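*Asks:* From the sequence below, what's the structure:
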Amino acid sequence: MEKLTFYVLSSPEKLDRVGEYLYYKLSRDIYRKRNGCVEIGVEAMDQLLQACHSQTLNLFVESYLKMVQKLLESVDPNLQILATQSFVKFSNIEEDTPSYHRRYDFLVSKFASMAHSNTTDDELRNAIRASGVSGLKSVVRKTVSDDLVENIWDPNHMEKIIPSLLFNMEQGRQSLLVRDENDAVAGNQEEEVVDAPRIAETCLRDLVNKATFGHVRSFVRPVLNHFDVFDLWVPNDFAVHTFRVIMFSIQTQYSYAVIETLMNHLDVHNTKSNAKIRASMADVLAKIIDIAAGESVGPSVLEIVNSIVQHIQVSTRQEGADGDEKAYRETLILALGEYVTHLPDYQKIEIMKFIMQKVPAGNDNTPSHRLLQNMLLKSLLMVGSKYRTTYLSTTFPMSFLQPLLTLCQDDDPELRLIVQNILHTLIDRHQNRERLTSPTLKLDGMVREPCTRTDILFSKKNGGEIFSNLFGSLEKKNNGISHMNAIYTTLALFCVELFCEETLFDFIRLAMSFQELALTSSLLTPAQKIHLHIIALSLLALIAHFLPVLKDYTGGIIKARREHGIHLLPPLKTKYEVYEPAQNFIESCLLSHGTVLDILKEDGIEVASKGNYYLFPRHSWVDAHMHANSTTDLNQMSMDVDSGTSTPLQPKTKEELMTVEDLKRLLNEPPELRKEIESQKQKELTAAFKTVSFDDLVSKAAAKGGNLQHKLSEIFTRMSISGNCGSEALCSTFHPSNGLLPNLKIQFPDMFPL
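*Replies:* Numbering: from 1, shown residues only. A predicted model of the protein is given here:
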């Protein structure tokens, strides 16, 4: 052998002839079944391959591959294993020059066949399968990294390689389960049994790791088809294991392509598979989707979210949905939550806005419509639970906040409850939600930070809209204790996060408005009215927790209710007894807006011109004007009535003219006096509009504004006089009685001759 090696190294051009001769001798030995000579011939070829690295090696390789093929075609499994071992050695050789004409079709087919061996002898079967998987691994190593050789990513090759690897991996997991039940199996036998599965998994990892973006679908589709054909989705343990191997092996920038391919495959199963299979596929998706989230950027994020939302929409339209269909939808929502967990916060906001746009509007009571709203809002809740709020103005853009508040007044009680949970999740920045799940007077352990200017502006801009929509949901007949608790939690969290000197009176008006609604509403049940009284007191207690000057007053009300109305204290109850009335309470049990303002004024807080209550939606405009005590709209009405005094047609009277003495008096008098006078005027105007008849209001406005028709007639008369001729001579020139007609011909300049 040393002489032969020296000869081919000295004369490389003879290498191809040496290879042909060895192939001839080997073929004859195989035919005559001289296995010993065959092994010697194979060893000789292996040593020549290891020793020779010249450019003429390609010619020798052709003879070598024919020798391997000849051994694999033999019916003797030992020769097949020998050929595989030789090819594994060959695959480890780094060649200097590529080969354009080699083809591995036969080797791929034969190795795949060996990997599926079903020989009755367990030891021999495992050896053949291990050899087949090793051969496939060698083919992959030899071709996957060289673009100039045969394309291993061709579907014809992938449909043989991937199923062979998965078959051995799945068989290995079954063998492990069997051996876990049988402790008598020896350790060395265990190693032999798991040999093929381990090689198969290693080969799959190597193959996936070498894949580029264009090759992802080439190996994922055979995986999906294999699971479909052999019904490996239920149970999905092996499917989860396989896809986790793929996701951890593939290059990170291509991982989202695996998710996209899996979801496209789920589209196919939406029409032809039962819900149980789809639920298992969705579970696989939920357990691997978080791996791809970190590398998803730009449009790919919304593409994946949109695909999940579309699957939910299709599922809600399924007729006769059973428990498996419900589990399928819940698994999709879980997958969405797992996906957004690793996304940055700005993308989570965009996803929430995107899902909100998909929620159908309107009060369509069809089951599919309601179910779709329910599922999409649950998806939104799942995304919101993964988001960490920093600024409320950033979390609640108007395109997201407005439709969310509209759903607060939906007729579906379950839908309203989900919306409240969404608000809780997004508002709570300091994890106070657990302490405020229901009206309570025990407020120890609250965590909060000083309110920022951004949050104050958010409260001033959107506070009225938020509280008005929440009030609109209070008079729903199907409100239960859970809804009342949820509304209290929402308002209490807003109070904790936004309470400061600028928003103090907003929250005081909020608490008073609950009591006002309980006292004036004709739509609420007695139990609901009691609930509102309890919520009002709980909100005032929360305000007093942050503003100690109100603690004594709040404590007095609590004491009075314990003595005269214990049912007006937390917690809320579903049913109240006859001796627990919902109205006609003694004065000490109710909140007094004036008393609260007096306490704040004594503490040095500016309380002038603060409104009494919030305007909340009513079922008619008459109720709104009869029961709401806010003077904002009346102020606007007074401006319209008084507008006549500012018009140039009506000069100011002598009493209304401003003199120097008036300016001095305004500068010297305290501002509180002027504000009290203005407040008194507003109260008188409010009383007038509530008590005086409409005809009297019209007559007063007409008298104050003057006779507008007379003024207009006077103006038109003056305009007609000023439009007449300025002199008698000029008038006589154009008068028809003189027989002279005016020259009406247009005189053009000379540069425009007619």
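*Asks:* And residue 239, how far from residue 223?
*Replies:* Shown here: residue 239 relative to residue 223, a distance of 9 Å by C-beta to C-beta, to the nearest Å. In this view, the C-beta of every residue, glycine as well, is placed from N, C-alpha and C.
*Asks:* And residue 408, by the same measure?
*Replies:* Distance, residue 408 to residue 223, using C-beta to C-beta: 46 Å.
*Asks:* Looking at these two, which one has more neighbours?
*Replies:* Ranked by neighbour count (other C-beta atoms under 10 Å), residue 408 and residue 223 place residue 223 first, with 25 against 21.
*Asks:* Grab the nearest non-local neighbour of that one.
*Replies:* Closest residue in space to residue 223, ignoring its immediate chain neighbours: residue 162 at 5.9 Å, by C-beta to C-beta, 6 or more residues apart in numbering.
*Asks:* check contacts around that neighbour.
*Replies:* Residue 162 makes contacts with 204, 219, 222-223, 226, as judged by C-beta atoms under 8 Å, 6 or more residues apart in numbering.
*Asks:* Buried ones in the longest helix anywhere in the chain, by neighbour count?
*Replies:* Ranked by residue count under DSSP state H, the longest helix found in the chain is helix 155-181. By neighbour count with 16 or more other C-beta atoms under 10 Å, helix 155-181 contains the buried residues 157-172, 175.
*Asks:* now stretch 564-576
*Replies:* 565, 567-570, 572, 576.
*Asks:* Max pairwise distance over those residues: which two?
*Replies:* Using C-beta to C-beta, the two most remote members of the buried residues of stretch 564-576 are 565 and 572, lying 14.4 Å apart.
*Asks:* which strands and helices sit next to the helix or strand where residue 308 lies?
*Replies:* Taking DSSP states H and E as the criterion, residue 308 maps to helix 299-316. Packing partners of helix 299-316 (3 or more C-beta pairs under 8 Å, 6 or more residues apart in numbering; DSSP states H and E): helix 255-272, helix 323-341, helix 345-358, helix 367-385.
*Asks:* Quickly note the distance from the nearest residue to residue 306 once chain neighbours are set aside to residue 405.
*Replies:* The shortest distance from residue 306 to any non-neighbouring residue, by C-beta to C-beta, 6+ apart, is to residue 354 (7.4 Å). Distance, residue 354 to residue 405, by C-beta to C-beta: 18 Å.
*Asks:* Residue 520 now?
*Replies:* Using C-beta to C-beta, one gets 23 Å for the distance from residue 520 to residue 405.
*Asks:* between the two, who's got more neighbours?
*Replies:* residue 405 (21 against 13).
*Asks:* Phi first, then psi, for the more buried one.
*Replies:* In terms of degrees, to the nearest 10, the main-chain angles of residue 405 are phi -70, psi -30.
*Asks:* got it, and the one 4 residues further on?
*Replies:* When read as degrees, to the nearest 10, the backbone of residue 409 gives phi -110, psi 20.
*Asks:* picking up where we left off before, hang on, the residue nearest to residue 306 packs against residue 308?
*Replies:* No - counting by C-beta atoms under 8 Å, residue 308 is not a contact partner of residue 354; they are 11.0 Å apart.
*Asks:* the more surrounded of these two?
*Replies:* Here residue 354 and residue 308 are compared on neighbour count by other C-beta under 10 Å; more neighbours surround residue 308, at 24 against 17.
*Asks:* count of residues packed around residue 534?
*Replies:* Neighbourhood size, residue 534 [other C-beta under 10 Å]: 26.
*Asks:* Mind pulling the model confidence for residue 73?
*Replies:* Note for residue 73: predicted pLDDT of 90.
*Asks:* go on, residue 597?
*Replies:* pLDDT, residue 597: 91.
*Asks:* Just the element for it, please.
*Replies:* Going by DSSP H and E, residue 597 is in helix 593-602.
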